[in-house]
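In: Requesting a structural model of the entry that follows:
(2 chains)
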Protein chains: 2
Amino acid sequence: MKKLINDVSTIVRDSMAGMEKAHPDLVKAHYNPNFLTWAAGPVKGKVAVVSGGGSGHEPLHGGFVGKGMLNAACPGEVFTSPTPDQMEEATKAVDGGAGVLHIVKNYSGDVMNFEMAADLCREANIEVEAVVIDDDVAVQDSLYTQGRRGVGATVFAEKIAGAAAARGSDLATVKKLVEQVNDNGRSMGMALTSCIVPAAGKPTFDLKDDEIEIGIGIHGEPGRERTKMKTAAELADMLTSAVVDDVPFKSGDNVFVMLNGMGGTPLMELYLLYNEVTGILGKRGIKISRNLVGNYITSLEMQGFSITIVKVNDELVTLFDAPVHTPALRW
Amino acid sequence: MKKLINDVSTIVRDSMAGMEKAHPDLVKAHYNPNFLTWAAGPVKGKVAVVSGGGSGHEPLHGGFVGKGMLNAACPGEVFTSPTPDQMEEATKAVDGGAGVLHIVKNYSGDVMNFEMAADLCREANIEVEAVVIDDDVAVQDSLYTQGRRGVGATVFAEKIAGAAAARGSDLATVKKLVEQVNDNGRSMGMALTSCIVPAAGKPTFDLKDDEIEIGIGIHGEPGRERTKMKTAAELADMLTSAVVDDVPFKSGDNVFVMLNGMGGTPLMELYLLYNEVTGILGKRGIKISRNLVGNYITSLEMQGFSITIVKVNDELVTLFDAPVHTPALRW
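Out: The predicted structure is shown next:
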C-alpha cells in the first residue's frame, strides 16, 4: 500500500489539522472527540446544520463547513461511522438556541450513532431533528445498509439546509426542505477500480483489466452488476437512465445534476461525461437548472463516477444560489 | 486501459463541450482550432491573458478561464502542445486593444508554438508579450524541456496576471508581475503511480509496489530519484526542503503555498501533507500568507503531489485576493 500518510491511526487527526491550517477563517478543528466547526462559532437564533460520516469521502463533509452550509462535521475513521460523542459534542458546540438538524447518510452505524447523539442532546434541552438520506438507486439493502444507501444527494441536502438556516428558517422548515431534496433526489455510481482502506492495506475488491462495477457503493459495496468496460456514452446512459426511471423524472422537470468523481478520475473525463448526460436529459425534456461537476463525495482514490439528479422548484434553486463560503464550495 | 471516454481522438473536444455546458456563464468553447474563452467576450481597453498547453492537467488551464484570471485557454491533445493556430485564434478572439500576455509553461513544443502564434498576431497588429514559467527545481533539462520545467507556479501566475489585467494594469506591468511570480516561485512533485496517456494505452512508466519517484514531471518525466515509499512527513520534508533551498527562501519571507494533487490523490492526504508543510516552513520562519490545497495542475489519474512556494509582497497578496470567478477557482 502506497499512501501519503504517517500512521494509519492518525490519518483523520492529521488531515483535520491540515484543513484547519489551510482554512483558519472557515474551519476550527476539535479533538477527542473529533469534529470540525465553522470558525465563526454558533449563530444565535438560527438553526444549525450538522453532518458527518466515515472519512475518505472528502470534501464531504468537512469541506462543506463554513458560511451557508454546515455548522459542523464529524469525521469518523476511514469508511467508519463517527461515534455518538462526536455528534453530541459537535451539536452542543454549534447550537444557537433554534435547534440543530442532523443530516445522516443511510448506513446502519451512522443512523444508530446519530440517533444516540440526538437523544443525548435532547436530554440537554437542545432541539434536534434528523433526516436520513437514501438516494442510491443501485440496490435495495446493501452491505452496511437497510434500504437504499445515502450518497450524492447529501451534497445538495447540505447546501439547501445551510442556505435555509442562514436565511432564518425554523427547524421544521429546514428539515422539510432536506426531506424534499431526498424525496426528489436519486443517484447511482460506477467504478473502474477499487480503493484501498488504509487500515486494511489492500484493495476492497478486485476488478479485471476490462471489468467495471455498475452501481458501486461509496465504500466499495457491490452494485448491480460487473460488466465489460463500456464507452462514456454507454455508461452515462446506463446510470442516467437508472436514476431518471426510478423517481421517475419527467419531461418538463427542472433538476439539479451532479456529475461526481470518485476521487481518482481525471476532471477532463468528468466534463466529458457531463456532456453525455446533458444530451440524454435533453432528449427526455428534462431541464438542468444547476450543476456540479467535480469531486464532491469520493471513495479515496477510486476511479469512477456517480450521477445525482434532484427535481427542484424555484425555492430550491434560490437556496442553491444563496451565498456559500466553505473550503470546497463557494460562490 | 479503462478510461471514461468515447474515442481517443475526440476526448479534448468532448471534454470542452462538457465544460461549456457546465459553465455557460463563464466559458465559451471554440472548435477547429480548439480554444476556450471567457463567455463575457473581449474586454475593451484591458490586457488579455492567454495560456494553454497539453490536456490532462485539468483544471489547468481551461478551469481558470473567467472573470479575473484567464481570457482564453488553448488545450492541446493530452500531454501535447497546442498548435500555433489555436493560440493565434484565441489571442485574436480576446484582444481588447491593450495587448495580450501569453503565459507559457517551459516545454520545447509549447514555447515554439506560442512564439509562432505571437509572431502571427503581431503581424495582425496585436501587441503580444510572453512569459515562460520554469519553476520545477527537480531537474535541469528534462525529456521535453531545455532548462527547468514549468509546473505549479503557473497557477499563481495566471491568478496574478488576471487580477492585474482586471484592475487595468498595462501589458508591461502585467508581464513584470508574472515574471516576479516566476522568479520567486519554485515547485517539486512526486508520484506514487504512473498515469496512462489515452493514445498510448499503457502506463507512461512503471513503479514497484513499494517504490516512488521523487521530482516527477507532470507528463511522467523522470525526476531526481526512485526510492522506497516514505512517510508523509518525510516526503513533505524532502520536497519542501528542495524547493526552499533553491531560491532560497529565508526566515521572514512571506509566501504563497500550493499543495497540489496529481489527480488521483485523496483530498484527505493533501490536507495531511499540508499540515506537515506548515510545520516545516514554520520552523524555518517562513510565513504562509495564502494557500491552495487541492487538484490544480494534475497528470490525469496519477497519484502523488507537488508543492509550490512563491515569495510574495503586499501587492501580490492584494492581487491574489482580488475577485476571481472561474470553474475551478472563485472568491
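In: okay, CA-based contacts and neighbour counts for the rest of this
Out: Will do.
In: So what's the residue count around A:Leu120?
Out: Neighbouring residues of A:Leu120 were enumerated by other C-alpha atoms under 10 Å in any protein chain shown; the total is 19.
In: no, scratch that, I was asking about A:Asn182
Out: Neighbourhood size, A:Asn182 [other C-alpha under 10 Å]: 23.
In: elements contacting the helix or strand hosting it?
Out: Per DSSP states H and E: A:Asn182 is located in helix A:171-183. Judged by 3 or more C-alpha pairs under 8 Å, 6 or more residues apart in numbering or on different chains; DSSP states H and E, helix A:171-183 is in contact with strand A:100-105, strand A:128-133, helix A:153-167, strand A:304-311.
In: Phi, psi for A:Ser187 please.
Out: With angles defined as degrees, to the nearest 10, A:Ser187 sits at phi -140, psi 160.
In: Quick one: residues contacting it.
Out: A:Asp135, A:Asp136, A:Val137, A:Ala138, A:Val151, A:Gly152, A:Ala153, A:Val243, A:Ser306, A:Ile307, A:Thr308, A:Ile309 (C-alpha atoms under 8 Å, 6 or more residues apart in numbering or on different chains).
In: Please apply the same query to A:Thr145.
Out: By C-alpha under 8 Å, 6+ apart, the residues touching A:Thr145 are A:Asn106, A:Tyr107, A:Ser108.
In: Recalculate using a threshold of 10 Å.
Out: A:Lys105, A:Asn106, A:Tyr107, A:Ser108, A:Gly109, A:Asp110, A:Val111, A:Asp134, A:Val139, A:Glu221 (C-alpha atoms under 10 Å, 6 or more residues apart in numbering or on different chains).
In: and A:Ala157, how many neighbours?
Out: 26.
In: What about the nearest residue to it once chain neighbours are set aside, how many residues nearby?
Out: Spatial nearest neighbour of A:Ala157, excluding adjacent residues (C-alpha to C-alpha, 6 or more residues apart in numbering or on different chains): A:Val178 at 5.3 Å. If you count neighbours by other C-alpha under 10 Å, A:Val178 ends up with 28.
In: For A:Val178, give its distance to A:Asp314.
Out: Counting by C-alpha to C-alpha, to the nearest Å, the separation of A:Val178 from A:Asp314 is 15 Å.
In: For chain B, what's its nearest residue on the stretch 51-200 of chain A.
Out: Nearest residue of the stretch 51-200 of chain A to chain B, counting by C-alpha to the nearest C-alpha: A:Glu58, 6.0 Å away.
In: Quick one: mean pLDDT over stretch A:145-160.
Out: Mean per-residue pLDDT for stretch A:145-160: 96.
In: one step back: let me know the average pLDDT across the helix holding A:Asn182.
Out: Averaged over helix A:171-183, pLDDT sits at 98.
In: go on, stretch A:209-219?
Out: 96.
In: State the distance from the residue nearest to A:Glu89 when sequence neighbours are not counted to chain B.
Out: Distances taken as C-alpha to C-alpha, 6+ apart place A:Pro33 nearest to A:Glu89, at 7.5 Å, with adjacent residues excluded. In this view, A:Pro33 and chain B are 18 Å apart by C-alpha to the nearest C-alpha, to the nearest Å.
In: I figured A:Pro33 hits A:Ala93, correct?
Out: No: taking contacts as C-alpha atoms under 10 Å, A:Pro33 lies outside contact range of A:Ala93: 11.9 Å.
In: A:Ile280 sits in which helix or strand?
Out: Going by DSSP H and E, A:Ile280 is part of helix A:267-283.
In: does chain B sit close to that helix?
Out: Yes: shown here: helix A:267-283 in contact with chain B (C-alpha under 10 Å from any C-alpha of the partner chain) through A:Leu267, A:Met268, A:Glu269, A:Leu270, A:Tyr271, A:Leu272, A:Leu273, A:Tyr274, A:Asn275, A:Glu276, A:Val277, A:Thr278.
In: The residue nearest to A:Ala157 contacts A:Val132, doesn't it?
Out: Yes: using C-alpha under 10 Å, A:Val178 is in contact with A:Val132, at 9.2 Å.
In: Quickly list what's touching both of those two.
Out: A:Ile103, A:Thr154.
In: quick one: the strands in the stretch 201-331 of chain A?
Out: Secondary structure of the stretch 201-331 of chain A (DSSP state E, counting those that start in this stretch): strands at A:211-214, A:225-228, A:254-261, A:287-294, A:304-311.
In: And these: which comes nearest B:Ser194?
Out: B:Ser194 sits nearest to strand A:304-311 of all those, at 17.4 Å, using C-alpha to C-alpha.
In: Now do that closest one: which elements does it pack against?
Out: On a contact count with 3 or more C-alpha pairs under 10 Å, 6 or more residues apart in numbering or on different chains; DSSP states H and E, strand A:304-311 meets helix A:153-167, helix A:171-183, strand A:185-191, strand A:211-214, helix A:232-246, strand A:254-261, helix A:267-283, strand A:287-294.
In: please redo it, this time with the cut-off set to 8 Å
Out: Judged by 3+ C-alpha pairs under 8 Å, 6+ apart, the packing partners of strand A:304-311 are helix A:153-167, helix A:171-183, strand A:185-191, helix A:232-246, strand A:254-261.
In: residues in contact with A:Tyr296?
Out: Per C-alpha under 8 Å, 6+ apart, neighbours of A:Tyr296: A:His57, A:Glu58, A:Pro59, A:Leu60, A:Gly152, A:Val155, A:Asn260, A:Gly261.
In: As a check, name the ranges of all helices in the stretch 1-150 of chain A.
Out: Applying DSSP state H, counting those that start in this stretch to the stretch 1-150 of chain A gives helices spanning A:11-22, A:84-94, A:108-123.
In: and the residue nearest to A:His23 when sequence neighbours are not counted, how many residues sit next to it?
Out: The shortest distance from A:His23 to any non-neighbouring residue, by C-alpha to C-alpha, 6+ apart, is to A:Pro327 (6.9 Å). Neighbours of A:Pro327 under the rule other C-alpha under 10 Å: 21.
In: isn't A:Pro327 right up against A:Pro24?
Out: No: A:Pro327 is beyond contact range of A:Pro24, at 10.2 Å (criterion: C-alpha atoms under 8 Å).
In: Residues of the stretch 51-200 of chain A that sit close to chain B?
Out: Proximity of the stretch 51-200 of chain A to chain B, by C-alpha under 8 Å from any C-alpha of the partner chain, involves residues A:Gly56, A:Glu58, A:Pro59, A:Leu192.
In: among the residues you listed, who's most crowded?
Out: Top of those by neighbour count (other C-alpha under 10 Å): A:Gly56, with 30 neighbours.
In: Spit out the contact partners of that residue.
Out: Applying C-alpha under 8 Å, 6+ apart to A:Gly56 gives the contacts A:Val78, A:Phe79, A:Thr298, A:Ser299, A:Leu300, B:Pro266, B:Met268.
In: Isn't the last one up against A:Ser15?
Out: Right, the one you point to is B:Met268. Yes: under the criterion of C-alpha under 8 Å, B:Met268 is in contact with A:Ser15, at a separation of 5.5 Å.
In: Those two: which is more packed in?
Out: Using other C-alpha under 10 Å as the criterion, B:Met268 and A:Ser15 rank with B:Met268 on top: 26 against 23.
In: count of residues packed around A:Ser241?
Out: Neighbours of A:Ser241 under the rule other C-alpha under 10 Å: 17.
In: swap that for A:Asn34, please
Out: 22.
In: returning to what we had before: so which of the residues of the stretch 51-200 of chain A next to chain B is the closest to A:Ile288?
Out: The closest of those, once distances to A:Ile288 are taken by C-alpha to C-alpha, is A:Pro59, at 23.5 Å.
In: How about the closest one: what's its closest non-neighbour residue?
Out: Closest to A:Pro59 by C-alpha to C-alpha, 6+ apart is A:Tyr296, at 5.6 Å.
In: Chain B versus the one you found, what's the distance?
Out: A:Tyr296 sits 10 Å away from chain B when distances are taken as C-alpha to the nearest C-alpha.
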